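A.B. asks: Got a predicted structure plus its sequence, pasted below:
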Number of protein chains: 4
Amino acid sequence: MNFSSDTAAPAHPAILEAMVEAGKGPAPSYGSDKWTAAAKDALREVFETDLDIWLVSSGTAANALSLAVLCPNHGAVACHAEAHIERDERGAPEFFTGGAKLSLLPGDHGKIDLAALKARLAANNPSFVHESPLYALSLSNLTECGAAYSAAETKERADLAHAAGLMVHLDGARFANALISTKATPAQLSWKAGADILSFGATKNGSVGCEAIILFGKTRERLPELQARAKRAGHMPPKMRFLGAQMSAYLKDGLWLKLASQANSAARDLSNAMVKAGGRLAHPVDGNEVFCFLPDGAADRLAKAGATFYPWFDGSHRFVCSWATTSAEVADASKAIG
Amino acid sequence: MNFSSDTAAPAHPAILEAMVEAGKGPAPSYGSDKWTAAAKDALREVFETDLDIWLVSSGTAANALSLAVLCPNHGAVACHAEAHIERDERGAPEFFTGGAKLSLLPGDHGKIDLAALKARLAANNPSFVHESPLYALSLSNLTECGAAYSAAETKERADLAHAAGLMVHLDGARFANALISTKATPAQLSWKAGADILSFGATKNGSVGCEAIILFGKTRERLPELQARAKRAGHMPPKMRFLGAQMSAYLKDGLWLKLASQANSAARDLSNAMVKAGGRLAHPVDGNEVFCFLPDGAADRLAKAGATFYPWFDGSHRFVCSWATTSAEVADASKAIG
Amino acid sequence: MNFSSDTAAPAHPAILEAMVEAGKGPAPSYGSDKWTAAAKDALREVFETDLDIWLVSSGTAANALSLAVLCPNHGAVACHAEAHIERDERGAPEFFTGGAKLSLLPGDHGKIDLAALKARLAANNPSFVHESPLYALSLSNLTECGAAYSAAETKERADLAHAAGLMVHLDGARFANALISTKATPAQLSWKAGADILSFGATKNGSVGCEAIILFGKTRERLPELQARAKRAGHMPPKMRFLGAQMSAYLKDGLWLKLASQANSAARDLSNAMVKAGGRLAHPVDGNEVFCFLPDGAADRLAKAGATFYPWFDGSHRFVCSWATTSAEVADASKAIG
Amino acid sequence: MNFSSDTAAPAHPAILEAMVEAGKGPAPSYGSDKWTAAAKDALREVFETDLDIWLVSSGTAANALSLAVLCPNHGAVACHAEAHIERDERGAPEFFTGGAKLSLLPGDHGKIDLAALKARLAANNPSFVHESPLYALSLSNLTECGAAYSAAETKERADLAHAAGLMVHLDGARFANALISTKATPAQLSWKAGADILSFGATKNGSVGCEAIILFGKTRERLPELQARAKRAGHMPPKMRFLGAQMSAYLKDGLWLKLASQANSAARDLSNAMVKAGGRLAHPVDGNEVFCFLPDGAADRLAKAGATFYPWFDGSHRFVCSWATTSAEVADASKAIG
């Protein structure tokens, strides 16, 4: 009953097997290998458009490198006050950009409030030299609260940002989970909704450690800069084939969507059991995370039964399911709560 | 006949197998797993001393993070003019330190000349505010020219650095290869010779992508800062167990030394064949790299025979052997040269 | 009727005269001159304690350099959401620290709310590697709203910060004005109230361009680092004697307090006239700034009469008096409002 | 007999007087004043072309800000190994660029050797992601050895740089002195010779502290970025009128050229006396600096006579004359040497 994090989950055998296969002979270094090429091809097909990619082993790196090619050191990035880039990355955006600022916005369930975004954009004045102007908007889907932006909600925010001259970054550490619940296509939930650059996560959904930075449209021109920044940040591993192999296996035959679907189902079942037992959900369960104000004593009973999970700062508790969460685990947890 | 780079070599099956095993169940994130703990224990045994470690997937990251905890942004690091940190890391040391300088020193075969080091240290004046003073000396073993510092040579330079108030970093991307040829113990070639921090490479010697930053002695106090810097640089992967598993397997039963020994042997055989055929070695072959001024026509013949290798800027050619280089490959190459 | 800013005010003749005198012969460069020494002596007397100083020509530089010696790049600085370092310095703190974060706190009149500070400090967890921990608290006195912290209010906040392991920076761009209204001594309002480092402004109070970074107590150990950072930021002007001369003249015979007193009086008179005419003060007038919700038509009448001032984002208008504001100007403005 | 530095010289009365005049009434802040406008107009006339400017109080800031708008953090700047930006600015270029590298070139008398430049440019490979490519060439005129590049020598190097895709920065801390000895016009020695951006120094030639960053041609498009970087570096002083007043007075009626001419004459007379007394000049005396291997005992005799000057690292001694060096000082020094 490990609900501590999807990063605590095992790696999927198919992905590990792909790494073993990729390790068998010599191959060109630094991304010139066939697995990385295949990953790019697969992503092109999945996203139904031409694109450029860079593979990294860390979501923090994916986000920070993305922001660094969108925002100069004297600019700012608008994001939700609870965003991972603000709360959980030890200042990585500031480090990679050379000291740009994050400008924090409120909103329920980790989604940026539309009115707050409008007001912030209206106050943005790039010609006022004293204040760091916005260069980018960063959205997270799933949000840090486990909620999903629909394609329309994403587009609404991205359109406002573009109209104000900003670029749009999408932190998709749990992008697959958002796809399942929104029933959108990858294209609809990313570039068609206005994302210029996407941190496309695979680590939390069954990989060993692999995220693709995906550049869409005109942002593709920034690939050389992205590569230079990745290199100097130690994110151009020589044996990149092992990242390529992971991503290829992740996408093959829709494995990624199947895994995300499993995780989402487990979360839905778990949340239903919690509500039935008198719990109150803090946020919509749009993906693989459940934030719940538990009934009295439930947290203790769960812990005693062997479940791992985290108390959240608002008094709720967070439970994260993964592709590997079993129905037995959910059933055991449900029993312990009730 | 792939002599292009040891980073083009396959990963050793035992290391891949360890990753597969590590991927099978849930495990704590961010380095609290048992494989990472085992890696630390194994390194402690190998180096015969207490130590702290941080695992990263890139040699550039290992070097740059190491330097960042030794040198503030207003200081400088002395290194060889041909050092990897100067020539091949796209300014990673400058990025991670926040703009410290590298101060370049000459020396044959990539080894820092002793007289030049003495003169540089004598000119160092930390109280002269206008110039960036030295805070660290970085040595590479193997050097970029494939030569090895003996333990005595290392200690001679480290002692001078320490006497001048500097800390000592050792870039050991090919540390195993240096151990084989110098016949030193890991302790003798590192902390006993004065290294305060070591980039201990495994990637080029059979791993998928794994390097340990090893802190010795008083430098261990800087582990929290190192972790903070690693986190904000995207070098704290959630599923760190896969780095721990690699390092553990790499060290188990002396695998790493066996692999380095194989690579060194292949290089020695290849260099002997080259000399026999009229080639002139540009540098001593102390590890798995051969730099050779080839006899007329040999480069073409090698290429035609299917060998991959690189021309070097001084007119020589570089051939890199790995643990996976076969005697058949060496024989074929030898035939093509002669 | 220039109420646009105290930075638009003239320089005081005594300060200009001191620069002329200082310019007459040769003098050592980089701060080894007698005027800089005299400035330090004068500050020591004014603050009734031993201290170290560094003179710069810009308040932004004074603040950012101060923060850079208090907070590493992987840390954070708590400050008011309206603080000058957050709103008006184009990311200077992020630049000088190498990417540290500002953590924003609310509070009326630009003063950090005590409960909010306590909650923020309670949530601070330096051992949680994922989030940037607080290393410093930055207070502004006067605040950006023209209010003054009393010595007791300052100490209350500084004590909380110290108890949580933070250092305390005081942005005293208008420190003289705060002294006048709080009736505190310089010592009482700075180091005795817990300030470890003070940006002591003179520019807005009659100087050409001069601010002293003052290090108190144990922070004095960081002078060499401060000097190194100042040098590499272009804030070690060779002819520093002209900064020393300004500061010496500024402090001589209490000139600085006389000037601040004049500015405060003008602001008080102006604010009284506004209130009498039906205006509503947005903030207490503790110094030389008046923020007022003007009666209908008053803004137009003032502008027509030739007054310069700024609309504020909350609907009020800001009027800044200086040492050079005349009673005629105040009278004219009062007439135009009423 | 102060030959220690031209930064130890007094400020010219006309420049101080201009500051006093500028200080008399209110004026807009941050460069919107009439003195700054006049300085720009005067520079436009002096350089016979349209241009943009930014005034700073420090030569280090002028150089580092200039380089920061020419070179991204993942690039490099070629300069002479003895250049001020490399040797005397505590890593300011690395700080302002966010960690770009300086690539050092040899050459007699502080001038970059043409063959070395060609070789370096030929080795430059912007598409090789592992090494920081050159984005700019920085020349100093006068050089750190007191020699001057002629307009033709400047153009030769700038043309090579441009042909390789680089931008050209000119460190003109002693530009006026170089103009006098080369008999070139300001235009001929700057933009007509290929300079894209110029650090135009006034501090060493009679100002209190004032340097203009001058943007020529297409580089003018980078003014907003330059201003943003200046602001966040604390180099946008509110009372910029005092910089504008200095620069205006410096240029008025050719004062600057008269002052440089005086300084150069004094240096020439002093060097003639040294040679006559058996000294050997280390470098051509093209400006206001004399580097001389003194005859036996001369250094002691000079010191005893009250002269201040510096020993140089190569065994010579450096004597710097200024606009304020008197013929009596030169005569006294000459007598002491002989």
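C.D. replies: Here it is on my side, so go on.
A.B. asks: Find me the pLDDT at the residue in the stretch 101-250 of chain A that chain B sits nearest to, would you?
C.D. replies: Shortest the stretch 101-250 of chain A-to-chain B distance, computed as C-beta to the nearest C-beta: residue-wise this is A:Gly234, at 2.8 Å. The way it works is simple: take the backbone N, C-alpha and C, and place the C-beta from them, glycine included. For A:Gly234, the model assigns a pLDDT of 98.
A.B. asks: thought it was touching B:Ala64?
C.D. replies: Yes: counting by C-beta atoms under 8 Å, A:Gly234 touches B:Ala64, with 6.1 Å between them.
A.B. asks: Kindly report the residues of chain A close to chain D.
C.D. replies: For chain A, the contact set with chain D under C-beta under 8 Å from any C-beta of the partner chain comprises A:30, A:72-74, A:98-99, A:127, A:129-130, A:132, A:224-225, A:227-229, A:231-232, A:236.
A.B. asks: So which of those reach chain C?
C.D. replies: Checking the residues of chain A next to chain D against chain C (C-beta under 8 Å from any C-beta), the matches are A:Asn73, A:His74, A:Gly98, A:Gly99, A:Val129, A:His130, A:Ser132.
A.B. asks: who wins for neighbours among those?
C.D. replies: Comparing those by number of neighbours (other C-beta atoms under 10 Å in any protein chain shown), A:Ser132 comes first, having 30 neighbours.
A.B. asks: what about the strands in chain A?
C.D. replies: Read by DSSP state E, chain A holds these strands, from start to end of the chain: A:51-56, A:76-80, A:101-105, A:134-140, A:167-172, A:197-201, A:211-216, A:280-281, A:289-293, A:310-311, A:317-320.
A.B. asks: and these as JSON lines, adding mean neighbour count and distance to C:Phe216?
C.D. replies: Conversion of the strands of chain A to JSON lines gives the following (neighbours: other C-beta atoms under 10 Å in any protein chain shown; distance: least, C-beta to C-beta, whole Å):
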{"stretch": "strand A:51-56", "mean neighbour count": "25", "distance to C:Phe216": "45"}
{"stretch": "strand A:76-80", "mean neighbour count": "26", "distance to C:Phe216": "33"}
{"stretch": "strand A:101-105", "mean neighbour count": "22", "distance to C:Phe216": "29"}
{"stretch": "strand A:134-140", "mean neighbour count": "26", "distance to C:Phe216": "38"}
{"stretch": "strand A:167-172", "mean neighbour count": "28", "distance to C:Phe216": "43"}
{"stretch": "strand A:197-201", "mean neighbour count": "29", "distance to C:Phe216": "45"}
{"stretch": "strand A:211-216", "mean neighbour count": "26", "distance to C:Phe216": "46"}
{"stretch": "strand A:280-281", "mean neighbour count": "14", "distance to C:Phe216": "51"}
{"stretch": "strand A:289-293", "mean neighbour count": "25", "distance to C:Phe216": "46"}
{"stretch": "strand A:310-311", "mean neighbour count": "12", "distance to C:Phe216": "41"}
{"stretch": "strand A:317-320", "mean neighbour count": "25", "distance to C:Phe216": "44"}
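A.B. asks: Turn these into CSV, including distance to chain C and mean pLDDT.
C.D. replies: Rendered in CSV, the data for those read as follows (distance: least, C-beta to the nearest C-beta, whole Å; pLDDT from 0 to 100):
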stretch, distance to chain C, mean pLDDT
strand A:51-56, 18, 98
strand A:76-80, 8, 98
strand A:101-105, 5, 98
strand A:134-140, 12, 98
strand A:167-172, 15, 98
strand A:197-201, 17, 98
strand A:211-216, 17, 98
strand A:280-281, 24, 98
strand A:289-293, 17, 98
strand A:310-311, 12, 95
strand A:317-320, 15, 98
